[in-house]
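A.B. asks: Need coordinates for the below:
(chains A, B, C, D, E and F)
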Number of protein chains: 4
Amino acid sequence: MLNVTLELFATKGYHATKVSDIVSKAGVAQGTFYWYFKNKEEIALQIIEEGKRQLLEVIHQGYRKDQGCINDMIQSSKRLMHNLLTFASENRNLMLFLFLKGQGADLKIRNAISETLFEMEVNFSKNIYRAIELGMLEDRDYVPLQAQMLTNMITGLIARWQFGPLYDWDYTPTVPINVVVDEIVHFEFFGLLLSGGRR
Amino acid sequence: MLNVTLELFATKGYHATKVSDIVSKAGVAQGTFYWYFKNKEEIALQIIEEGKRQLLEVIHQGYRKDQGCINDMIQSSKRLMHNLLTFASENRNLMLFLFLKGQGADLKIRNAISETLFEMEVNFSKNIYRAIELGMLEDRDYVPLQAQMLTNMITGLIARWQFGPLYDWDYTPTVPINVVVDEIVHFEFFGLLLSGGRR
Amino acid sequence: MLNVTLELFATKGYHATKVSDIVSKAGVAQGTFYWYFKNKEEIALQIIEEGKRQLLEVIHQGYRKDQGCINDMIQSSKRLMHNLLTFASENRNLMLFLFLKGQGADLKIRNAISETLFEMEVNFSKNIYRAIELGMLEDRDYVPLQAQMLTNMITGLIARWQFGPLYDWDYTPTVPINVVVDEIVHFEFFGLLLSGGRR
Amino acid sequence: MLNVTLELFATKGYHATKVSDIVSKAGVAQGTFYWYFKNKEEIALQIIEEGKRQLLEVIHQGYRKDQGCINDMIQSSKRLMHNLLTFASENRNLMLFLFLKGQGADLKIRNAISETLFEMEVNFSKNIYRAIELGMLEDRDYVPLQAQMLTNMITGLIARWQFGPLYDWDYTPTVPINVVVDEIVHFEFFGLLLSGGRR
DNA sequence: TATGAATGAGCGTTCATTCAT
DNA sequence: CATGAATGAACGCTCATTCAT
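C.D. replies: Below you'll find the predicted structure:
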C-alpha cells in the first residue's frame, strides 16, 4: 500500500489523493486502510520516514573517510552524486513527493519532509567539515550555508532533470546522468574548493 | 484581497486556506469574493501572474547590457542578487508560495508556478548567453542546465535563508543579506566562469 | 423586459433562468430589474397574466354566438382552432412556458398557470353549453370532463406540434397547420357531437 | 430512497426538493445519499427509468393481439384505459412528476421524461397500426398525430382527474374511474374509428 | 484480518435581493 | 430612473473516518 500511495501522492499531490483512490488502486476495501494506518496523515509520515532512511543511506555511503588529494575528493563527490542520481531514477515518486509535492500537504507532513531535507543538509555539512579536517579543504565560515546551497542545487536539479520544467511524471530526461553529475560536481568543486579561506 | 489571500496561501497552503478565511480576513462577505474572482483557483492564478511580473522585472533590471571585465560581471551579479534578495525580503509571502507551498495546489496552479520558475531560468540562461556574446564567458554546452542549477540554488536558498530549515513564517534570517549575496555569487562565479571551455 | 424574460423562462425554465441572465439580455443593470419588478416571482406572474389575457381573447373570439347547423358548428370550431394555432405560432415562448416549463416553477406561479389553463377549460365548457342551448348538441353529463379532455388534447398538441417530441425550441413543425386543425376538430366533432345523449 | 424522493419531486418539484429533504425523510445521513446515487440528477433519472418501465408494461399488456369486431376493439381499449387509470391511482406521485412537475427540471431530466411520453405515443401508434392491419380500422394518414392527441388527452386527463384544476396532491377525484374510461374511449372510438378513410 | 455501507462536518459556489450613489 | 458592488443564506457535494459484521 505504501508504494501505491506514494505514486498517488507524487502524481496528484497529497490533498488531491483520496483514501478511496489508494484503496481502489491497492485492491482492498476502504476499511482495510484504517487497519494498517491510523489515518491518511500517518501513511504519509511512514512514507517520508522510509524515504529518509533510504536517502540518507545513499548519502552516507558517499561519506569521505580517508584523506586524499583534490582528485580523490572530486572522485568521491562524483561517486556520491552518481549514487544519488541513480537512486533518484529508481525512486522517481519519492523524489517528486519529497522535493516538490510534499510542501503542499499539512503542517506535520511538511515538517517531516523539511526535516528530511535538513538531514541531507547536515550530512553535506559533515562531509565538508570532514574534508576540512582531512585537510582537503581550507577552513571557512558559513559551511551550513554552503551545504544549503548544495542541497538546493542538488534536489532542485534532480527534480528538473527527471521531470522537466513542468514537473511532469511522464517526462523523460534529456541529459545523460554523467553530464548532470559532472556539472554538479563542477559547481561544487569550484564553489567549495576555490572559495579558499574566504571568511 | 490579493495580499490577504497570498498571506494565507503562504502560511496555510492553498488547500488549507478556505474562502471563508479569505473573506473574513479581508472583512467582506463570502459572496463578494465571487464578484471579483470566478473561483478560488482564479485568485491563485492572478497572484502568481502578478508575482511573476514583479519577479521577472527585478531579474530583468539586472540584465547585463555592457561589455566589461570579470569584475564588472561579478558586480552585476551581486547587484542582481541583492535586488532579488531585497525583493524577497519585501515579498516573503510570495516567495513562500511560489517556491514552496504552491506545489501542493492543483494542476493548473502548479503549472502556472512552474512556468514562472521556468521563465526565471530562461532569463538566467539569456544572461549567461549574453555574457558569452560579450566575451565575458567562454562558450559552453549545457547553458540551460547551468541556469537550472542557478535557479534551484537561488530559489532554494531564498526560501531557506528567509524561513529556516522548517520553512517557518516567523523565522528570522540569521545570516546578513550581503553574506548570502557573496556566497551565491561566489558559487555562480566559480561555477560558471571557471568552467571555462569545458564542453 | 417581459419578452426577454419569457424567452428565457421558455427555453431554460424558471429556476434555471437567473435574474442576471434577464438583465444582461435586456441590457440593463441588475438593480434596474428591481425597480420594475418586486422580485423574480412577480415578473413571472405578470407574464402569465398578460399571456392569459391574450389567450382568452383569442378563445373568446371563437365563441359561438348564433344558432346554426352542424356544419356551422364545425366551421366555427375550425376557425377557433386556426386562430389558436396561429396565435401559438406567434407566441411560441408563451406556449412553451404555459404548457410545459411553467409547472416546474414555484407554487404561486404554478397556480397562476393552472388557473389560466382552467379558464381555457371553462371557456370550452361554456362553448359546449352554448352549443347545447342553441340546440346544436344534445344535452349531456360531464361537460367539464369533456372540456378537460379537449383542453388537454389541444394544449398538448400545440406543444408537440410546435416543439416536437423533445420539446425543442428550434424544432420546426412538420405538419401543416390545416391538418392539425382538421384532426383536432375531427376528434372534437365526433367526440362531442356523436356522444349524443349518453349520460 | 427512490419512493421518498419521488414523493418530494412530485409535491415540491425537482428544484425545490433539497437533498437534505430527501435524506431526512429517508432517515439517513446526507452522505449516504451519495453512496447510492452519483448526484441529485441521477436519482431523478433512475426514477424516470423505473417509471417508464412500469408504465410501458401496463400499456403493453393492453396491446391488441387478435382480430375482432368493433366491439372487441372498444372492450380492449377500455381494458387498457382501466389498467392505466388504476396504475395511475396507485402511482400518483409518478404521474404528477412525469406529466407535470418534471418539465421544470433540468435538460437531461426533461429529455428523459419526454422520451417516456414519446414511447407512450409510439405504443399508441403501434396499437392503431395493428388495428388497421387487423382490419379493425381503415387506413389513414397522420397516425402519429392521432397518437399524439390520444397521449395528450390521456396524460392530461389523468393529471386533471387525479389532482384537480390546481394540480393539488390532496385533491380527491370527483368522477368515478369508469366514467373517465368511458369518456376517453368514447373520444378515442369516435375520433379514430369514424375518421374513416379520411386522408 | 477484512469489509463496505454509513456518517456528518465542512467546503466551494450560487444567486435573489439590497442599497448607497 | 438607473447603477453595480456588496450581501449572506442556502445548497450540492466531498471525503476522511467509523463500525457492525
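
A.B. asks: Enumerate the residues of chain A near DNA strand F.
C.D. replies: Within chain A, the residues that sit near DNA strand F (CB under 7 Å from any atom of the strand) are A:T17, A:K18, A:V19, A:S20, A:Q30, A:G31, A:F33, A:Y34, A:N39, A:K40, A:E41. For every residue, glycine as well, the C-beta is placed using N, CA and C.

A.B. asks: Tell me the buried residues in the helix or strand hosting A:E121?
C.D. replies: For A:E121, the enclosing helix or strand under DSSP states H and E is helix A:107-133. Within helix A:107-133, the residues that qualify as buried by neighbour count (16 or more other CB atoms under 10 Å in any protein chain shown) are A:109-114, A:116-128, A:131.

A.B. asks: which non-adjacent residue is nearest A:V181?
C.D. replies: Leaving out its chain neighbours, the residue that sits closest to A:V181 by CB to CB, 6 or more residues apart in numbering or on different chains is A:M81, at 4.5 Å.

A.B. asks: Quick one: residues contacting that neighbour.
C.D. replies: A:G62, A:I154, A:V180, A:V181, A:I184, A:V185 (CB atoms under 8 Å, 6 or more residues apart in numbering or on different chains).

A.B. asks: What about the fourth one, how many residues nearby?
C.D. replies: This points to A:V181. Residue crowding around A:V181 was assessed by other CB atoms under 10 Å in any protein chain shown; the count is 20.

A.B. asks: chain center to the host helix or strand of it: distance?
C.D. replies: Using DSSP H and E, A:V181 sits in helix A:177-188. Offset of helix A:177-188 from its chain centre (CA atoms, centre = their mean, to the nearest Å): 16 Å.

A.B. asks: quick one, it and helix A:107-133 angle?
C.D. replies: Using axes from the mean of the first three to the mean of the last three CA atoms, to 10 degrees, the direction of helix A:177-188 lies 70 degrees away from that of helix A:107-133.

A.B. asks: about what we covered before: distance to C:R140 added to the contacts of A:M81, as a markdown table?
C.D. replies: Putting the contacts of A:M81 into a markdown table (distance: CB to CB, whole Å) gives the following:
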| residue | distance to C:R140 |
| --- | --- |
| A:G62 | 105 |
| A:I154 | 97 |
| A:V180 | 98 |
| A:V181 | 102 |
| A:I184 | 101 |
| A:V185 | 106 |
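
A.B. asks: Apart from its neighbours in sequence, what residue is nearest A:W169?
C.D. replies: The spatially closest residue to A:W169, leaving aside those adjacent along the chain, is A:T11, at 5.3 Å (CB to CB, 6+ apart).

A.B. asks: Tell me which residues touch that neighbour, please.
C.D. replies: Remark: with contacts taken as CB under 8 Å, 6+ apart, A:T11 is in contact with A:N93, A:L96, A:W169.

A.B. asks: Mind doing that once more with 10 Å?
C.D. replies: With CB atoms under 10 Å, 6 or more residues apart in numbering or on different chains as the criterion, the residues that contact A:T11 are A:T17, A:N93, A:L96, A:F97, A:K101, A:D168, A:W169, A:D170.

A.B. asks: With A:N152 instead?
C.D. replies: A:N152 touches A:117, A:121, B:99, B:149, B:151-160, counting by CB under 10 Å, 6+ apart.

A.B. asks: same check, this time on A:N178
C.D. replies: A:K78, A:M81, A:H82, A:L85.

A.B. asks: Just the buried ones from these?
C.D. replies: The neighbour-count criterion (16+ other CB under 10 Å) marks A:K78, A:M81, A:H82, A:L85 among those as buried.

A.B. asks: Would you reformat the residues you listed as a markdown table and include secondary structure and pLDDT?
C.D. replies: Output for these, formatted as a markdown table (DSSP: H, G, I helix; E, B strand; the rest coil; pLDDT from 0 to 100):
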| residue | secondary structure | pLDDT |
| --- | --- | --- |
| A:K78 | helix | 87 |
| A:M81 | helix | 89 |
| A:H82 | helix | 91 |
| A:L85 | helix | 93 |
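
A.B. asks: Quick one: the helices in chain A, in order.
C.D. replies: In chain A, the helices defined using DSSP state H lie at A:2-12, A:19-26, A:30-36, A:40-61, A:70-90, A:92-99, A:107-133, A:143-163, A:177-188.

A.B. asks: Report all helices and strands that the fourth one contacts.
C.D. replies: Spelled out, that is helix A:40-61. Of the remaining helices and strands, those touching helix A:40-61 by 3 or more CB pairs under 10 Å, 6 or more residues apart in numbering or on different chains; DSSP states H and E are helix A:2-12, helix A:19-26, helix A:30-36, helix A:70-90, helix A:92-99, helix A:107-133.

A.B. asks: Next, the angle helix A:19-26 makes with it.
C.D. replies: What separates the directions of helix A:40-61 and helix A:19-26 is an angle of 60 degrees, with the same axes, to 10 degrees.

A.B. asks: Does at least one residue of helix A:40-61 sit close to DNA strand E?
C.D. replies: No. Judged by CB under 7 Å from any atom of the strand, helix A:40-61 stays clear of DNA strand E, getting no closer than 12.8 Å.

A.B. asks: mind listing what's buried in that helix?
C.D. replies: Those buried within helix A:40-61 under the rule 16+ other CB under 10 Å are A:40-41, A:43-48, A:51-52, A:55, A:58-59.

A.B. asks: Please apply the same query to the last one.
C.D. replies: Buried positions in helix A:177-188, judged by neighbour count with 16+ other CB under 10 Å: A:V180, A:V181, A:D182, A:E183, A:I184, A:V185, A:H186, A:F187, A:E188.

A.B. asks: From those, pick the one nearest D:S24.
C.D. replies: Sorting these by distance to D:S24 puts A:V180 at the head of the list, at 61.2 Å, by CB to CB.

A.B. asks: so that closest one sits right up against B:Q146, yeah?
C.D. replies: No. With contacts counted by CB atoms under 10 Å, A:V180 stays clear of B:Q146, the gap being 11.1 Å.

A.B. asks: mind listing what the residue nearest to the spatial centre of chain A touches?
C.D. replies: With distances taken as CA atoms, centre = their mean, A:T155 lies nearest the centre of chain A, 5.5 Å away. A:T155 makes contacts with A:L84, A:A88, A:M95, A:L98, A:F99, A:L100, A:L117, A:M120, A:E121, B:N152, B:G156, as judged by CB under 10 Å, 6+ apart.

A.B. asks: again, only using 6 Å
C.D. replies: A:T155 sits next to A:F99 when contact means CB atoms under 6 Å, 6 or more residues apart in numbering or on different chains.

A.B. asks: How about chain A: which residue is closest to DNA strand E?
C.D. replies: Among the residues of chain A, A:G31 lies closest to DNA strand E, at 1.6 Å counting by CB to the nearest atom of the strand.

A.B. asks: Give me the number of neighbouring residues for that residue.
C.D. replies: By other CB under 10 Å, the residues close to A:G31 number 8.

A.B. asks: Now do it against A:T5, distance only.
C.D. replies: If you measure A:G31 against A:T5 using CB to CB, to the nearest Å, the figure is 16 Å.

A.B. asks: Then A:S125?
C.D. replies: For A:S125, the distance to A:T5 - CB to CB - is 32 Å.

A.B. asks: got it, and A:I22?
C.D. replies: Per CB to CB, A:I22 is found 5 Å from A:T5.

A.B. asks: next one: A:T116
C.D. replies: Applying CB to CB, one obtains 17 Å for the distance of A:T116 from A:T5.

A.B. asks: Point out the residues in chain A that sit beside chain B.
C.D. replies: Chain A has residues A:13, A:15, A:100-101, A:103-105, A:111, A:114, A:118, A:145, A:148-149, A:152-153, A:156-157, A:160, A:165-167, A:183, A:186-187, A:190-191, A:194-195 near chain B, with proximity defined as CB under 6 Å from any CB of the partner chain.

A.B. asks: Kindly recompute the last result at 7 Å.
C.D. replies: Proximity of chain A to chain B is assessed by CB under 7 Å from any CB of the partner chain, with A:13-16, A:100-101, A:103-106, A:110-111, A:114, A:118, A:142, A:145-146, A:148-149, A:152-153, A:156-157, A:160, A:165-167, A:175, A:179, A:183, A:186-187, A:190-191, A:194-195 identified as the residues in range.
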